[in-house]
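In: when you get a sec, could you give me coordinates for this:
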Amino acid sequence: MRLSFDDLEERIGRRVSELRAAGISKAATLATGNSLAFVEGYLALRRLGVTVVAMDGSLPEQDKVAICRELGVRHLLQSDRTITVDLDAREDKPAVSDLPDEIGLIKLTSGSTGRPAGACFSDEELFHGIRQIAEGMELDSRQRVLLCIPLSHSYGFDNGVLSMIVAGTPLILQPSIFPADLLRALDETSAHFLPLVPPLVRSLGRAVWPSGLSLRRVICAGGALLPDAARQFRQASGLPVHNFYGSTETGGISFETAPEETAAQGTVGRPLPGVRVELDESHRVTVHSAANLVARWGRDGFCSLDDRRVRTGDTAEWTPDGRLRLTGRSADVLNIGGRKIAAAEVEHALRALAGVRDAAVVGVEDPVRGDRTVAFLVADEWPVETSGVPPRLAPRELRRVESLPYTVRGKLDRQALRGMARRGLVT
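Out: Predicted coordinates:
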């Protein structure tokens with residue numbers, strides 16, 4: 001289906017009337033998946049002054065309802081119908097009436113865990129965020145954006161819905177992430193701009209690309225993109241991958257404008273216009289930006305933030321030319337031989353081994369030794385020669401896997417890896 005902006009305006013008007021007749025006010029959860037219904041629903045709800053809670057449409061319905069109950073949100077908009085949720089009449093539940101009118105969007109940060117929490121933004125922060133992204137990426141109304149990233153996630157919302165609303169970019173919604181379907185959509189729609197996550201870069205790097213595509217810029221966010229994956233993608237597509245770094249609480253943070261430069265390898269570029277990044281003594285990333293969240297919303301209700309700085313939980317370092325290189329998560333610290341070592345440092349050493357295509361390391365409790373580090377390797381041959389790994393970084397156990405688990409956001413799923421490590425624990 002192709003719609004002009006005038007057509008979209010008509011559909012939004014009809015949707016406003018439907019939502020008003022349904023008695024929806026104050027807040028509603030939008031969980032329609034990557035569809036026109038999400039765009040229509042978001043714009044119609046905001047026109048009514050309703051705060052939108054963006055939720056992953058792929059979650060089972062019972063999980064969506066449970067999260068709505070946890071947050072105290074009565075209305076759940078799905079692709080096929082709107083559900084009125086029965087809320088618990090408990091005093092310790094958050095009250096939607098406490099939400100200030102200026103809060104326009106709540107992005108969920110852990111809604112699939114059973115302990116949902118939300119990052120709150122007014123329209124002002126959202127507009128600041130997309131303007132920073134558009135300026136840094138040279139994204140304007142001449143660029144057609146093909147989006148297969150979930151619209152409910154910050155990455156997809158900013159580069160899809162917001163870029164359309166603020167920058168005027170035509171938006172192409174692509175529900176399938178299979179390489180053949182993505183390449184067909186790129187060809188048929190003459191799309192110029194393609195946001196991806198590392199697993200999609202890897203799969204498209206192994207595909208046979210058609211010639212004559214209009215695609216001009218490919219960006220990748222959501223996790224570390226290995227240099228080999230970037231090289232393979234460029235060989236297949238003829239295009240470099242521009243690394244993009246952001247978070248739910250901040251929107252865009254940094255972007256690599258010149259990925260072909262040698263100095264750019266392994267970095268996430270320089271801070272976007274209007275964004276200032278600081279590293280503390282532990283190398284943890286703190287972001288100063290007008291696009292940062294203004295409050296949090298969760299089981300404790302609404303919590304306004306006096307300090308607008310955001311500490312992301314990532315660790316990083318600056319390169320000599322001012323690029324940012326992520327070195328891990330401050331929470332992903334391993335205990336190897338009594339030493340505290342970042343998981344990213346061990347993974348970097350393992351990926352440098354001959355025949356290793358990807359690697360991930362997690363720490364799990366050991367009933368005998370107290371702590372165990374387990375490394376999962378995607379390797380061409382087994383066993384892998386590990387003499388090149390410094391002894392201080394050597395994990396206790398190596399396991400070969402066909403592929404590593406990633407979340408739908410493209411991040412390494414360390415929770416799944418810890419489960420895999422515990423199931424195969426040797427005592």
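In: for the stretch 101-250 of the chain, which segments count as helices?
Out: For the stretch 101-250 of the chain, the helices defined by DSSP state H, counting those that start in this stretch cover 123-137, 154-156, 179-189, 198-205, 227-237.
In: and the last one with helix 198-205, angle?
Out: Regarding helix 227-237 and helix 198-205, their directions subtend 40 degrees when assessed with axes from the mean of the first three to the mean of the last three CA atoms, to 10 degrees.
In: which other helices and strands does helix 227-237 contact?
Out: Using 3 or more CB pairs under 8 Å, 6 or more residues apart in numbering; DSSP states H and E as the contact test, the elements touching helix 227-237 are helix 198-205, strand 241-247. Every residue, glycine included, has its C-beta placed from N, CA and C.
In: 6 Å instead?
Out: Judged by 3 or more CB pairs under 6 Å, 6 or more residues apart in numbering; DSSP states H and E, the packing partners of helix 227-237 are helix 198-205.
In: any idea of the mean pLDDT in stretch 196-208?
Out: For stretch 196-208, the mean per-residue pLDDT is 93.
In: how does the protein divide into domains?
Out: Split into domains by automatic domain parsing, the chain comes to 5-99, 124-329, 333-423.
In: just to revisit the earlier point, tell me the most buried of the helices of the stretch 101-250 of the chain?
Out: helix 154-156 (a mean of 25; mean count of other CB atoms under 10 Å).
In: quick one: residues in contact with that one.
Out: 107, 147, 149, 150, 221, 248 (CB atoms under 6 Å, 6 or more residues apart in numbering).
In: leaving aside the residues next to it on the chain, what's closest to residue 140?
Out: The shortest distance from residue 140 to any non-neighbouring residue, by CB to CB, 6 or more residues apart in numbering, is to residue 167 (5.7 Å).
In: would you agree the one you found is in contact with residue 134?
Out: Yes: assessed by CB atoms under 6 Å, residue 167 is found in contact with residue 134 at 4.7 Å.
In: please flag which of the contacts of helix 154-156 sit within strands.
Out: 107, 147 (DSSP state E).
In: before we move on, the earlier item: to residue 118, which of the domains of the chain lies closest?
Out: domain 124-329 (4.1 Å; CB to CB).
In: and the closest one, how far apart are its ends?
Out: The straight-line separation of the ends of domain 124-329 (CA to CA, to the nearest Å) is 29 Å.
In: with stretch 208-228 instead?
Out: The first-to-last residue distance of stretch 208-228 comes to 17 Å (CA to CA).
In: quick one, what contacts residue 274?
Out: residue 132.
In: please report how far the closest residue to residue 162 other than its chain neighbours lies from residue 163.
Out: Spatial nearest neighbour of residue 162, excluding adjacent residues (CB to CB, 6+ apart): residue 130 at 3.9 Å. Residue 130 is 6 Å from residue 163, where distance means CB to CB, to the nearest Å.
In: re earlier: ranking the domains of the chain by burial, who's on top?
Out: domain 124-329 (a mean of 19).
In: shaky segments in the stretch 101-250 of the chain?
Out: For the stretch 101-250 of the chain, the stretches flagged by pLDDT under 70 are 110-116.
In: who are the contact partners of the nearest residue to residue 169 once chain neighbours are set aside?
Out: Counting by CB to CB, 6+ apart, residue 163 is the residue found nearest to residue 169 once chain neighbours are left out, at 4.5 Å. Residues in contact with residue 163 (CB under 6 Å, 6+ apart) are 130, 139, 145, 169.
In: residue 135 too?
Out: Contacts of residue 135 by CB under 6 Å, 6+ apart are residue 273.
In: gap between residue 252 and residue 381?
Out: 40 Å.
In: again but with residue 175, I slipped
Out: On the measure of CB to CB, residue 175 and residue 381 end up 38 Å apart.
In: just the pLDDT for residue 422.
Out: According to the prediction, residue 422 has pLDDT 80.
In: do the same with residue 89
Out: On the pLDDT scale, residue 89 gets 62.
In: which residue, other than its chain neighbours, is closest to residue 152?
Out: Closest to residue 152 by CB to CB, 6+ apart is residue 54, at 4.3 Å.
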